[in-house]
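Engineer: No letters, just coordinates:
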């Protein structure tokens, strides 16, 4: 598979992941995430796959929108890194919360297709 095709597949997979987050579709997310998935929140909290999916299922917060900019894809063997900026709107107990972060995702090309191995967000502070 050529890098440009793989890059396109990763961008499409990431968009599908966001759509599943908006719908709180735990089943679809569970299929997309690697078994050893790690989710590093912008506040430093770290979830494994089970904890992350449980937080989505419990609807502690709901993803409303995620405007992504400056996305870049880098292929490194079977791993594909995607990074950029995101302005994410969440509904937290009926209150809108907007977060500005930079992010890094690591996708792994497996026999079962692309699996998300790692998500990490870092809060953007005003200079």
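Structural biologist: All right, it came through fine. Note that the coordinates shown come from a computational prediction; the quantities given were computed from them, not determined experimentally.
Engineer: Start from the N-terminal end of this protein and give the helices.
Structural biologist: Residue ranges of the helices in the chain, as given by DSSP state H, are 3-23, 26-32, 49-57.
Engineer: Out of these, which gets nearest to residue 87?
Structural biologist: Closest of these to residue 87 is helix 3-23, at 12.7 Å (criterion: Cβ to Cβ). (C-beta placed from N, C-alpha, C; glycine too.)
Engineer: hmm, back to that, can you redo the helices of the chain as CSV, where the extra columns are mean neighbour count, mean pLDDT and distance to residue 43?
Structural biologist: Below are the helices of the chain laid out as CSV (neighbours: other Cβ atoms under 10 Å; pLDDT from 0 to 100; distance: least, Cβ to Cβ, whole Å):
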stretch, mean neighbour count, mean pLDDT, distance to residue 43
helix 3-23, 15, 94, 18
helix 26-32, 16, 97, 20
helix 49-57, 16, 96, 13
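Engineer: Any chance of CSV for the ones you listed, columns distance to residue 101?
Structural biologist: Formatted as CSV, the helices of the chain follow (distance: least, Cβ to Cβ, whole Å):
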stretch, distance to residue 101
helix 3-23, 14
helix 26-32, 19
helix 49-57, 16
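Engineer: For residue 40, which of those is the nearest?
Structural biologist: Nearest of these (Cβ to Cβ): helix 49-57, 10.3 Å.
Engineer: chain center to that closest one, what's the gap?
Structural biologist: Taking Cα atoms, centre = their mean, to the nearest Å, one finds helix 49-57 lying 13 Å from the centre of the chain it belongs to.
Engineer: which residues does residue 85 form a beta bridge with?
Structural biologist: Note on residue 85: beta-bridge partners by DSSP bridges are residue 69, residue 102.
Engineer: Model confidence at it, what's the number?
Structural biologist: Turning to residue 85, the model gives it a pLDDT of 97.
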